[in-house]
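J.: Next one to model:
(2 chains)
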Amino acid sequence: MMSETAALLHARPMVPQIAHVRRRRHDAPDAWTLELEMAGGARFHYAPGQFNMLTAFGVGEAAISVSGDPADGPLIHTIRAVGPVSKALTQLGPGDPIGVRGPFGVGWPMAQAEGRDVVVVAGGLGVAPLRPALYSLLGARDRFGKVTLLFGARRPEEIVFRREVEHWRGRLDMDVEVTVDHATGDWHGNVGVVTNLLSRLDIDPAKTLAMVCGPEVMMRFVSMALVDKGVGEEAIYLSMERNMKCAIGQCGHCQLGPTFICRDGPVFTYARLKPLLAIKEL
Amino acid sequence: MENLERILSDHPFFHGVNEGFVALAAGCAKNARFEAGDFIFHEGEAADQFYLVREGRVALQVAAPGRGAATFLTLGAGEVFGVNWLVPPYRWVYDAKALERCRLIAMDAKCLRGKCEADHSLGYDIMKRLMPVLIDRLHETRLQFLDLYGSHG
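T.: Sure, this is the predicted structure:
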């Protein structure tokens, strides 16, 4: 049976539902996490890796990945304030209304990951779309093999979800390695690019499925490093971020060659993206 | 010596090196241990060692006025550092500091240079192993320089 969210989306995909901000948390110098409550208290169903179009009323709409736990709790989005819409969204406070269209797109391959080792590679705010996948992996831990999170950030103070990442590091059923590009003396963790962590990783490539999200350049090099370690291109999944406007494959703003990121993605295999990522004009 | 040969051949940098070369290289090697916070070497000093990490983590740092020590790379087990031994003027251009208790193999640079000079096959083999390390570090530095995770990323 179709959920209320899905039924509304199916009937009127361009009409936002109304939600209200329940809580706002500052996660990094330019990133905030909003907890949303749908009008009427309706539960919002989505799959890890999917995104919503969020409306800051009077300003505009932006595509933002869901960053909460798909199995539990409120609808959560983590937003970096970069443009007028995202800045307006991050300035919303408790009780403020917000428009929600979604969920859209194809998410992380949770079913294909079952029974396999999973390497999750996050760069910067790319950890936000991966967080629902991490919750799902840890929520059904016995269905997966080794779970590893490799997380690269710009500076220590820009590690998004830092307390949660520390909590994950303390777990015995997953491996977590964090690295930063730039650090001063009070940081005692790893320094260097995230591919550096990958080169130190001991994996069984035939058993490994990788989920990668971050800046496109970082994802290209992470994918190449994974292939160098023997992971198949079909087993490497990347979440793309392009200029999503309609979110239903109609407007063409997020077109990447023959695909629409909003409708066919945002998660794709590296095998599918590799030839497209090599075309500089795209 | 036999023990050092085994330790060297177990280290990824020497994987696949023929036994004769390992024996030659082991003649220049010794075990070294540093506690957390110890400096392994300082910028400006003579680069008279080449280090292979067996255990622990090492930070490579450059001090900048007003900013203190900035770490630009951390290294762990299986990795190498201190490649300034290879080219004149054989001088460190950064500090190396143990972030935790470290067990290293320290290779005497003058000894190793002499053996590579005397046996070009050994020298070429060592060079083939060092070049990928240097190329990877150059590439990684470029990615760091691109500042990928900034708001433009």
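J.: okay, CA-based contacts and neighbour counts for the rest of this
T.: Fine.
J.: So for stretch A:243-259, what gets flagged as buried?
T.: The neighbour-count check on stretch A:243-259 (16 or more other Cα atoms under 10 Å in any protein chain shown) flags A:244-249, A:252-256, A:259 as buried.
J.: among the residues you listed, which are in strands?
T.: If you go by DSSP state E, the buried residues of stretch A:243-259 have A:255-256, A:259 in strands.
J.: Quick one: the buried residues of stretch A:243-259 as a markdown table, columns for pLDDT and distance to A:Glu234 too.
T.: Conversion of the buried residues of stretch A:243-259 to a markdown table gives the following (pLDDT from 0 to 100; distance: Cα to Cα, whole Å):
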| residue | pLDDT | distance to A:Glu234 |
| --- | --- | --- |
| A:Met244 | 86 | 25 |
| A:Lys245 | 86 | 28 |
| A:Cys246 | 88 | 28 |
| A:Ala247 | 88 | 25 |
| A:Ile248 | 87 | 25 |
| A:Gly249 | 85 | 24 |
| A:Gly252 | 86 | 26 |
| A:His253 | 89 | 26 |
| A:Cys254 | 85 | 22 |
| A:Gln255 | 89 | 21 |
| A:Leu256 | 88 | 19 |
| A:Thr259 | 91 | 17 |
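J.: where does chain B have low pLDDT?
T.: B:1-2, B:151-153 (pLDDT under 70).
J.: Swap in 90 and give it another go.
T.: Along chain B, the model assigns pLDDT under 90 to residues B:1-4, B:16-25, B:63-70, B:83, B:86, B:144-153.
J.: residues in it within reach of chain A, list them.
T.: B:59, B:67-75, B:99, B:140-141, B:143-144, B:147-151, B:153 (Cα under 8 Å from any Cα of the partner chain).
J.: Which among those count as buried?
T.: B:59, B:69-75, B:99, B:140-141, B:143-144, B:148-149.
J.: who's in contact with stretch A:211-229?
T.: Stretch A:211-229 is touched from outside by A:108, A:118-127, A:129-130, A:194-195, A:198-199, A:205, A:233, A:236-240, A:270, A:277, B:148-149, B:153, with contacts defined as Cα atoms under 8 Å, 6 or more residues apart in numbering or on different chains.
J.: Please narrow these to those residing in helices.
T.: A:127, A:129-130, A:194-195, A:198-199, A:270, A:277 (DSSP state H).
J.: picking that back up, using TSV, lay out the buried residues of stretch A:243-259 together with distance to B:Trp85.
T.: Below are the buried residues of stretch A:243-259 laid out as TSV (distance: Cα to Cα, whole Å):
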residue	distance to B:Trp85
A:Met244	52
A:Lys245	55
A:Cys246	58
A:Ala247	56
A:Ile248	59
A:Gly249	57
A:Gly252	56
A:His253	53
A:Cys254	51
A:Gln255	51
A:Leu256	48
A:Thr259	51
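J.: which other helices and strands contact the lowest-mean-pLDDT helix or strand in chain A?
T.: Least confident helix or strand of chain A, by mean pLDDT, DSSP states H and E, is helix A:4-11 with a mean of 72. If you count contacts as 3 or more Cα pairs under 8 Å, 6 or more residues apart in numbering or on different chains; DSSP states H and E, helix A:4-11 packs onto strand A:97-104.
J.: Let me know the angle separating the strand it packs on from helix A:4-11.
T.: Interaxial angle, strand A:97-104 versus helix A:4-11 (axes from the mean of the first three to the mean of the last three Cα atoms, to 10 degrees): 80 degrees.
J.: Between the buried ones among the residues of chain B next to chain A, which sits nearest B:Cys111?
T.: Among these, B:Leu75 lies closest to B:Cys111 (Cα to Cα), at 24.4 Å.
J.: you'd agree A:Ile79 is in a strand?
T.: Yes. Counting by DSSP: H, G, I helix; E, B strand; the rest coil, A:Ile79 is found in a strand.
J.: Distance check, the residue positioned nearest the centre of chain A against chain B.
T.: With distances taken as Cα atoms, centre = their mean, A:Pro129 lies nearest the centre of chain A, 1.2 Å away. Separation of A:Pro129 from chain B (Cα to the nearest Cα, to the nearest Å): 15 Å.
J.: that older thread, list buried residues within the contacts of stretch A:211-229.
T.: In those, the ones that pass as buried (16+ other Cα under 10 Å) are A:108, A:118-127, A:129-130, A:194-195, A:198, A:205, A:233, A:236-240, A:270, A:277, B:148-149.
J.: picking that back up, closest one of the ones in strands among the buried residues of stretch A:243-259 to B:Pro89?
T.: Ranked by distance to B:Pro89 (Cα to Cα), those are led by A:Leu256 at 50.6 Å.
J.: Who are the contact partners of the closest one?
T.: Applying Cα under 8 Å, 6+ apart to A:Leu256 gives the contacts A:276, A:282.
J.: measure it to chain B for me?
T.: A:Leu256 sits 18 Å away from chain B, going by Cα to the nearest Cα.
J.: and that residue, what are its bridge partners?
T.: On the basis of DSSP bridges, A:Leu256 is bridged to A:Thr259.
J.: Near chain B, which residues of chain A? Just list them.
T.: Residues of chain A lying near chain B (Cα under 8 Å from any Cα): A:80, A:82, A:123-125, A:153-154, A:181-185, A:188, A:190-193, A:195-196, A:214-218.
J.: Filter the residues you listed down to the buried ones.
T.: Among these, those classed as buried by 16+ other Cα under 10 Å are A:80, A:123-125, A:153-154, A:181-184, A:190-193, A:195-196, A:214-216, A:218.
J.: Isn't B:Gly44 up against B:Trp92?
T.: Yes. With contacts counted by Cα atoms under 8 Å, B:Gly44 reaches B:Trp92, the gap being 5.3 Å.
J.: Many thanks, I have nothing further to ask.
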